[in-house]
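Novice: Requesting a structural model of the entry that follows:
(one chain, ligands or ions: 2)
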Amino acid sequence: MCRKKRMIYKNPQVLNPPRNDVLMMTPWFAPIVWEGTYNFEILNEQFRQRNVTTGLTVFAIKKYIVFLKQFLETAETYFMVGHKVNYYIFTDRPQEVPSVALKEGRKIVVLQVQNYPRWQEISMRRMEMISHFSQQQFINEVSYLVCVDVDMRFNDQVGVEILSNLFGTLHPAFYAAERQSFTYERRPASRAYVPHDEGDFYYAGGFFGGTVKEVYKLTKKCNEAIIMDKKNGIEAIWQEESHLNKYFVYHKPTKILSLEYLWDDNLGGPEILRKRRFLAVSKNHAAIRNK
Ligand code: 5GW
Ligand code: MN
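Specialist: Ligands and ions are numbered 1, 2, ... in the order given. This is a model prediction of the structure:
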């Protein structure tokens, strides 16, 4: 008897794909993940059979600890439902990590790290810390890493459809922009420099990932570039996001996450956006930053 799970679905339509109003594939054949372009049941079954564990890294330094509770609660509802997840929480305030009820197979791992006085440093040092812990710990515990900002909430399913060797996410403010207006670092003196005639997309610093090996390579290289810049007395215009964008020009992601995976309701609700899966939480900049 065949014990394989039967899945009933229409065969892919070569001439009439489910949607043709937006780009679904990069020129290097990496899928761009939009609702309606994939069969979640097939993908979910593939990853379930591999018994994959995903690490979700998030930094909550200083006052940003206030975002953790809602972040974790909404992740429990929407992130990798039915799969094993390790939440890696980098913080300088381990005693203030909220206790959140977790489903089976999911756990919180608190990693105490130091705080830096400059916010730019807090943001940039994420590359150093992720690369360090990837080599020391994550490689032994999870298959994939998903690295995100904490001032966010999950609002719809974010599952195994995002996983790939190396993935980046479109920055919500630039999905419709021309290459010339991408805010890449434009000063040749910086190691994040991208010439005006290069680059595919403007990627968000707040959502990238891949296998632990690929995330290690990415974060190590970005951290080395940040250190070189510091030696040379220069800081990239958008800190580690600039270095991430440089990296992706020369190491193409194998999957790209669409606007569904990183949206800010202040930008309205374009028609192409069928699902708002991961949303920016508005913050009072003056109150939350510094201190
Ligand atoms: C503090 C002041 C200014 C900017 C960032 C910070 C800050 C960032 C902080 O004090 N603590 C902290 O943990 N972060 C981490 O860096 C958070 O994970 C945060 O989501 C990430 C990026 O900073 P954001 O979210 O303020 O950047 P934007 O570009 O989303 O506004
Ligand atoms: Mn943010």
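Novice: Get me the contact residues on the stretch 101-250 of the chain for ligand 2.
Specialist: Asp149, Asp151 (Cβ under 5 Å from the ion). In short, each C-beta sits where N, CA and C put it, glycine included.
Novice: try 6 Å this time
Specialist: When proximity is defined as Cβ under 6 Å from the ion, the stretch 101-250 of the chain approaches ligand 2 at Asp149, Asp151, Gly206.
Novice: What is the burial count for the last one?
Specialist: Residues near Gly206, counting by other Cβ atoms under 10 Å, number 22.
Novice: Check which helices and strands the lengthiest helix in the chain is in contact with.
Specialist: Longest helix in the chain by number of residues (criterion: DSSP state H): helix 212-231. Applying 3 or more Cβ pairs under 8 Å, 6 or more residues apart in numbering; DSSP states H and E, one finds that helix 212-231 contacts helix 119-133, helix 139-141, strand 144-148, strand 166-170, strand 203-211, helix 239-250.
Novice: Can I get those in a markdown table including mean pLDDT?
Specialist: What follows is the helices and strands packed on helix 212-231, written out as a markdown table (pLDDT from 0 to 100):
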| stretch | mean pLDDT |
| --- | --- |
| helix 119-133 | 97 |
| helix 139-141 | 98 |
| strand 144-148 | 99 |
| strand 166-170 | 98 |
| strand 203-211 | 98 |
| helix 239-250 | 98 |
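Novice: which one of those lies closest to Asp21?
Specialist: When the helices and strands packed on helix 212-231 are compared by Cβ to Cβ, strand 166-170 sits nearest Asp21, at 15.7 Å.
Novice: The closest one close to ligand 1?
Specialist: No: using Cβ under 6 Å from any ligand atom, strand 166-170 stays clear of ligand 1, with a minimum separation of 12.5 Å.
Novice: Could you list the buried residues of the longest helix of the chain?
Specialist: 212-223, 225-226, 229 (16 or more other Cβ atoms under 10 Å).
Novice: Now do it: everything it contacts.
Specialist: 55, 124, 126-128, 130-131, 134-135, 138-139, 142-145, 147, 165-166, 190-192, 208-210, 235-236, 239-240, 243-244, 246-247, 251 (Cβ atoms under 8 Å, 6 or more residues apart in numbering).
Novice: what do you get if the cut-off is 6 Å, keeping everything else the same?
Specialist: Under the criterion Cβ atoms under 6 Å, 6 or more residues apart in numbering, residues 124, 127-128, 130-131, 134-135, 138-139, 145, 165-166, 190-191, 243, 247 lie in contact with helix 212-231.
Novice: Out of those residues, give me the two with the largest separation.
Specialist: Ile139 and Ser190 (29.9 Å).
Novice: Those two: which has the busier surroundings?
Specialist: Shown here are Ile139 and Ser190; by other Cβ under 10 Å, Ser190 has more neighbours (22 against 17).
Novice: and the residue of the stretch 51-200 of the chain found nearest ligand 2, how many residues sit next to it?
Specialist: Of all residues in the stretch 51-200 of the chain, Asp149 sits closest to ligand 2, at 3.5 Å by Cβ to the ion. The number of residues packed around Asp149, counting by other Cβ under 10 Å, is 20.
Novice: Could I get the contacting residues of it?
Specialist: Gly206.
Novice: name the element Leu111 belongs to?
Specialist: Leu111 belongs to strand 106-112 when assigned by DSSP states H and E.
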